[in-house]
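>>> Below is the structure, and that's it, no one-letter string:
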């Protein structure tokens, strides 16, 4: 996952017709989004607003120097856990346990690696310092989670995202060694499926995740699946951080 593999500034236009958020915790309907997915501007990255955004099918994506830009793209790129594809070349990597996979051990380190990862066609990073602080806070509260891939004592790959109900919202991934991020992602999906997770939100299309079984679905269908999914209990393994804030 670079879940944001496309170059942000190549398609973002700060259209004055977009909604400017106030201090009120409210978002416009996702149907009001621009063709490129932008829905609203401004607001903040408080835990309350971020959790409301994810439950509403919306996520922040912007660059340093821009206001916060909230997105609700159509179509939406998702992976149904049962449709996970493990290539023949990845099977020996997993079977031989080339990487040790852990959860929630070094959340901020994973974010920092994602922040520093070089992306083809991308000049900077959308993982701003404010984003790091906000998602570390969500991790401390038990909503944001990291998956780490190790070789001996070296962190060589991983990803992070949000778990709400039966939905895991992927944010970004990195890999310092070939197949490290794939191993982390595949192991994550294989662990979430028997726990009742029904959807992995990948947000926007990447060929990397398409090769693992992700697909585009219409936004209206995504919203139906999301509404059902967030009504479920969030069931996480004992070695994952549990929510301590809100409901």
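Yep, it's here. Quick caveat: nothing in here was measured; it's all calculated off a predicted structure. Numbers count the residues shown, from 1 in each chain.
>>> Could you measure from residue 207 over to residue 214?
Counting by CB to CB, to the nearest Å, the gap from residue 207 to residue 214 is 10 Å. (Glycine included, C-beta is placed from N, CA and C.)
>>> Over to residue 236?
22 Å.
>>> Enumerate every residue touching residue 181.
Each residue near residue 181 by CB atoms under 8 Å, 6 or more residues apart in numbering is listed here: 1, 149, 157-159, 173-175.
>>> How about the secondary structure of it?
helix (DSSP: H, G, I helix; E, B strand; the rest coil).
>>> hey, where'd the strands end up in the protein?
19-21, 38-42, 59-60, 69-71, 76-79, 100-103, 144-151, 154-164, 167-175, 199-203, 215-217 (DSSP state E).
>>> Which residues does the shortest one contact?
Among residues not part of strand 59-60, those counted as contacts by CB under 8 Å, 6+ apart are 45, 50, 53, 68-72, 131, 169, 171, 203.
>>> Ok, the second one next?
Counting by CB under 8 Å, 6+ apart, strand 38-42 makes contact with 12-15, 18-22, 27-28, 30, 32-33, 58, 67-72, all of which sit outside it.
>>> Ok, the first one next?
Here strand 19-21 makes contact (CB under 8 Å, 6+ apart) with 27-28, 32, 39-43, 70.
>>> can we see that at 10 Å?
Defining contact as CB atoms under 10 Å, 6 or more residues apart in numbering, one finds that strand 19-21 is touched by 26-29, 32-33, 38-44, 49, 67-68, 70.
>>> For the contacts of residue 181, could you give me JSON lines that also reports pLDDT, distance to residue 165 and neighbour count?
Formatted as JSON lines, the contacts of residue 181 follow (pLDDT from 0 to 100; distance: CB to CB, whole Å; neighbours: other CB atoms under 10 Å):
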{"residue": "1", "pLDDT": "41", "distance to residue 165": "20", "neighbour count": "27"}
{"residue": "149", "pLDDT": "97", "distance to residue 165": "26", "neighbour count": "29"}
{"residue": "157", "pLDDT": "97", "distance to residue 165": "27", "neighbour count": "26"}
{"residue": "158", "pLDDT": "97", "distance to residue 165": "23", "neighbour count": "33"}
{"residue": "159", "pLDDT": "98", "distance to residue 165": "19", "neighbour count": "26"}
{"residue": "173", "pLDDT": "95", "distance to residue 165": "22", "neighbour count": "29"}
{"residue": "174", "pLDDT": "96", "distance to residue 165": "26", "neighbour count": "26"}
{"residue": "175", "pLDDT": "95", "distance to residue 165": "28", "neighbour count": "21"}
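>>> related to what we said a few turns ago, return the member of the contacts of strand 59-60 nearest to residue 87.
Lowest distance from residue 87 to the contacts of strand 59-60 (CB to CB) belongs to residue 203, with 22.5 Å.
>>> more neighbours, residue 236 and residue 214?
A direct count of neighbours by other CB atoms under 10 Å for residue 236 and residue 214 places residue 214 higher, at 27 against 19.
>>> Got the domain ranges for the protein?
9-73, 77-229 (automatic domain parsing).
>>> of those, which approaches residue 240 most closely?
Minimum separation from residue 240 across the domains of the chain (CB to CB) falls at domain 77-229, 5.2 Å.
>>> Ends of the closest one, what's the gap?
With CA to CA, to the nearest Å as the measure, domain 77-229 spans 16 Å from end to end.
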